[in-house]
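Q: mind folding the following:
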Amino acid sequence: MTWVDFTRGTGTVLLIMAVAGAIAYVGDRVGHQVGRRRLTLFGIRPRYTSTIVAIGTGMLIALVVTIVALLASREVRTAFFRMNQISTQIAQLQAQQRDLEAKVNTGELVVPVNALMVPFFTKIKQGEPIDQRLAQIKAFYTGAVAWINQNWATRGLRRYVPPPGIDKTLTQEFGAPRVTTASLAGDLLMFVTAPQNLYRNDTIHFELNLIPDSLRVKKGGVIQSLVIPGNAHADPQLAINELEQAVASVARTQLKLPPFLSDNVQVVQGYPSLDVMAKELASGSGNYVMTAFAAEDIYPHVGGIPIVVTLTSAK
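A: Residues are numbered from 1 along each chain as shown. Predicted coordinates for the structure are as follows:
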């Protein structure tokens, strides 16, 4: 319990006590005045009339206060009329949490979140007419469903069944003006990823992603570099591994590539060779710069980040 919750709860209790005291006081005074004037109600003796009036007054005040609270506060309405529903929802969420915790701790992970679920893409050419674009996307969706059920269902996942009205859903989502605007600006690339971790016996879920297939780095462009002190214990392979992680970070944060692309860093060539790098680092006493260059024009459809790694003496 936080200090704010404790303060709010204490204030609520004190307020209820004050309201109850006020109701009791008003009811008592009204009953007292009725008794002094010896008023009667329906022929009842004044003593009993004053008691009835006092009780009725307290009840009426309590009713008015309750109605005002209901009108003024959503939380009060919830507490009065939806508490059982909320308790049921809480119990369901707690059960789901326990199931998820058990699945994470003991379940067999089949597909991690954001992983590529089909090994192919579809490229939508710039300015593609909307009817052709939608036909291409629907064909891609159909092929993706077939591939997913054929390959992932055999690995412990339950088959994916397209929901009713999927054709209309695809038309609404990918025929929207924002997609048309993006298509007019350049080529688009569509691919399929997992929106959540999928464990054995889970029903297959996936999502269609559409991103601009634009040039992110020109061939020969510098992506990232590291400074390495030259010494006998320097390991060029460890430095290359660190450089690959740095390139992946740049691809995610600056190049805006999805994880399955940004994390797929491929060293296609090193200058000089790894053995020569090791000898240079071991024989030198100064600093060296290890640099990652784009091995080709980097677009999303390339499928990863091919790099060329060079080692030069720092000047």
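
Q: which residues in the stretch 151-300 of the chain form strands?
A: Taking DSSP state E, counting those that start in this stretch, the strands of the stretch 151-300 of the chain run over residues 188-193, 198-199, 207-212, 222-229, 265-271, 287-294.

Q: tilt between the fourth one and strand 287-294?
A: Strand 222-229 and strand 287-294 meet at an angle of 160 degrees, taking axes from the mean of the first three to the mean of the last three CA atoms, to 10 degrees as the criterion.

Q: and if you look at the third one?
A: Relative orientation of strand 207-212 with respect to strand 287-294: 100 degrees, computed using the same axes, to 10 degrees.

Q: please apply the same query to the first one.
A: For strand 188-193 against strand 287-294, the angle between stretch directions is 100 degrees (the same axes, to 10 degrees).

Q: counting by contacts, list what strand 188-193 packs against.
A: strand 122-124, helix 130-151, strand 207-212 (3 or more CB pairs under 8 Å, 6 or more residues apart in numbering; DSSP states H and E). For glycine as for every other residue, the C-beta is placed from the backbone atoms N, C-alpha and C.

Q: for the fourth one, same thing?
A: Using 3+ CB pairs under 8 Å, 6+ apart as the contact test, the elements touching strand 222-229 are helix 236-253, strand 287-294, strand 305-313.

Q: how far does the last one sit from its chain's centre?
A: Centroid displacement of strand 305-313 relative to its chain, using CA atoms, centre = their mean, to the nearest Å, is 35 Å.

Q: contacts for that strand, please.
A: 223, 228, 236, 240, 243-244, 247-248, 251, 257, 261-262, 264-272, 277, 280-281, 284, 286-296, 298 (CB atoms under 8 Å, 6 or more residues apart in numbering).

Q: any idea of the mean pLDDT in it?
A: Averaging pLDDT along strand 305-313 yields 94.

Q: going forward can the numbers begin at 525, since that is how I track them
A: Will do, 525 is the new start, and the previous item becomes strand 829-837.

Q: what's the least confident stretch among the strands of the stretch 675-824 of the chain?
A: Looking at the strands of the stretch 675-824 of the chain, the bottom one is strand 722-723 with a mean of 90.

Q: neighbouring strands of that strand in the sheet, and parallel or not?
A: Applying DSSP bridges to the sheet, strand 722-723 is found paired with strand 633-635 (antiparallel).

Q: tell me the buried residues in the partner strand?
A: V634, V635 (16 or more other CB atoms under 10 Å).

Q: likewise for stretch 750-765?
A: I752, G754, A758, P760, A763, I764.

Q: could you list the low-pLDDT ranges of the stretch 525-674 of the chain?
A: Filtered on pLDDT under 70, the stretch 525-674 of the chain yields the residue ranges 525-530, 532-578, 623-631.

Q: all the helices of it, in order from the start?
A: Secondary structure of the stretch 525-674 of the chain by DSSP state H, counting those that start in this stretch: the helices cover 527-560, 570-596, 598-605, 607-630, 654-675.

Q: single out the most deeply packed of the helices and strands packed on strand 712-717.
A: Each of those was scored by mean neighbour count; the highest is strand 646-648, a mean of 19, by mean count of other CB atoms under 10 Å.

Q: name the helices or strands packed onto that strand?
A: Counting by 3+ CB pairs under 8 Å, 6+ apart, strand 646-648 packs on helix 654-675, strand 712-717.

Q: in JSON lines, list the ones you listed along with distance to I585.
A: Below are these laid out as JSON lines (distance: least, CB to CB, whole Å):
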{"stretch": "helix 654-675", "distance to I585": "64"}
{"stretch": "strand 712-717", "distance to I585": "61"}
